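1. I would like to see how this sequence folds:
(chains A and B)
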Amino acid sequence: TQLLEQSPQFLSIQEGENLTVYCNSSSVFSSLQWYRQEPGEGPVLLVTVVTGGEVKKLKRLTFQFGDARKDSSLHITAAQPGDTGLYLCAGSRSGGSNYKLTFGKGTLLTVNP
Amino acid sequence: NAGVTQTPKFQVLKTGQSMTLQCAQDMNHEYMSWYRQDPGMGLRLIHYSVGAGITDQGEVPNGYNVSRSTTEDFPLRLLSAAPSQTSVYFCASSNLGQGSNQPQHFGDGTRLSIL
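-> Presented below is the predicted three-dimensional model:
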């Protein structure tokens, strides 16, 4: 059972376009993290959202945590070729093992110049 | 800054061979973990450790062993390699401190092919 569903799985857009990537679950998470992974490298943390309804901005990237803490979205404004990569969401559950992360399958984003 | 170092970067094995994937971190992190990444499957947790001498199984532990004799090192052993273990393996570490909010620091991966 995949606890975190990411959509779309693949996304190819032109430079300057806007896009939104979704991370959904039927389970409640104590926090959600977003990572970006480039070819040949490990994932790198972009942001952690903790509070339901929380919105965080990182330059042209806007992250939102759903009010019920079951879903999250990543919106990129005016995408650049440098935004190309695999975007992964990862959730942490409440309780004794809250350091363990469950990852979604990822969204592979290609931004064409 | 070294961060999390994985060796080797690439490895080809024959079915039935054994090997150890090395992982070392220099950030004094309590929590370390191993993931495998397969196309269309995302990252799946193999084993993890919350400190020296403590290890536990993740989502896909079969065919793998781990040990944590020091805070810095967390090797992953393949006992008898099978083609289904062809994958990219990532080691990660983090503080435990505030629990769920800690960022995971990943190595650059080991690309393993089993023939």
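2. what residues does chain B put near chain A?
-> Applying Cβ under 8 Å from any Cβ of the partner chain, one finds that chain B approaches chain A through B:4, B:31, B:33, B:35, B:40-45, B:48, B:50, B:58, B:90, B:92, B:94, B:96, B:99-104, B:106-109. From N, CA and C alone the C-beta is placed, and that goes for glycine too.
3. show me which of these are buried.
-> With neighbours counted by 16 or more other Cβ atoms under 10 Å in any protein chain shown, the residues of chain B next to chain A contain buried members at B:4, B:31, B:33, B:35, B:42-45, B:48, B:50, B:58, B:90, B:92, B:94, B:99-102, B:104, B:106-109.
4. among the residues of chain B next to chain A, which are located in helices?
-> Of the positions in the residues of chain B next to chain A, not one sits in helices, assigned by DSSP state H.
5. tally of neighbours for residue 88?
-> Since you didn't name a chain, this refers to chain A. 27 (other Cβ atoms under 10 Å in any protein chain shown).
6. nope, chain B
-> By other Cβ under 10 Å, neighbour count at residue B:88 equals 17.
7. now it, what's its secondary structure?
-> Secondary structure, DSSP: H, G, I helix; E, B strand; the rest coil: residue B:88 is strand.
8. for it, give me its contacts.
-> Contact analysis of residue B:88 by Cβ atoms under 8 Å, 6 or more residues apart in numbering or on different chains lists B:36, B:37, B:38, B:109, B:110, B:111, B:112.
9. how about these, which pair is most distant?
-> B:38 and B:110 (13.7 Å; Cβ to Cβ).
10. which residue does chain A have closest to chain B?
-> residue A:42 (3.0 Å; Cβ to the nearest Cβ).
11. can you read off the pLDDT for the residue nearest to that residue when sequence neighbours are not counted?
-> Distances taken as Cβ to Cβ, 6 or more residues apart in numbering or on different chains put residue B:106 closest to residue A:42, at 3.0 Å, once the chain neighbours are dropped. Looking at residue B:106, its pLDDT stands at 96.
12. now do residue B:41
-> If you check residue B:41, the pLDDT there is 82.
13. would you check that it makes contact with residue A:105?
-> Yes. In this structure residue B:41 lies within contact range of residue A:105 using Cβ atoms under 8 Å: 6.5 Å.
14. tell me the pLDDT at the most centrally placed residue in chain B?
-> What sits nearest the mean C-alpha location of chain B, by Cα atoms, centre = their mean, is residue B:34, with 2.7 Å. You'll see residue B:34 listed with a pLDDT of 97.
15. how about residue B:83, phi and psi?
-> For residue B:83, the backbone dihedrals (degrees, to the nearest 10) come out as phi -50, psi -30.
16. write the PyMOL selection for whichever of the contacts of residue B:88 are buried.
-> Applying 16+ other Cβ under 10 Å to these leaves a buried subset, and the PyMOL line that selects it is:
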select buried, chain B and resi 36+37+109+110+111+112
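17. just the contacts of residue B:88 now: which is nearest chain A?
-> residue B:109 (5.8 Å).
18. helix, strand, or coil at residue A:82?
-> helix.
19. can you give me the pLDDT of it?
-> 95.
20. mind listing what the closest residue to it other than its chain neighbours touches?
-> Among residues not flanking residue A:82 along the chain, residue A:111 sits closest, at 7.8 Å (Cβ to Cβ, 6+ apart). The contact partners of residue A:111, taken as Cβ under 8 Å, 6+ apart, are A:13, A:14, A:15, A:17, A:79, A:80, A:81, A:82, A:83, A:84.
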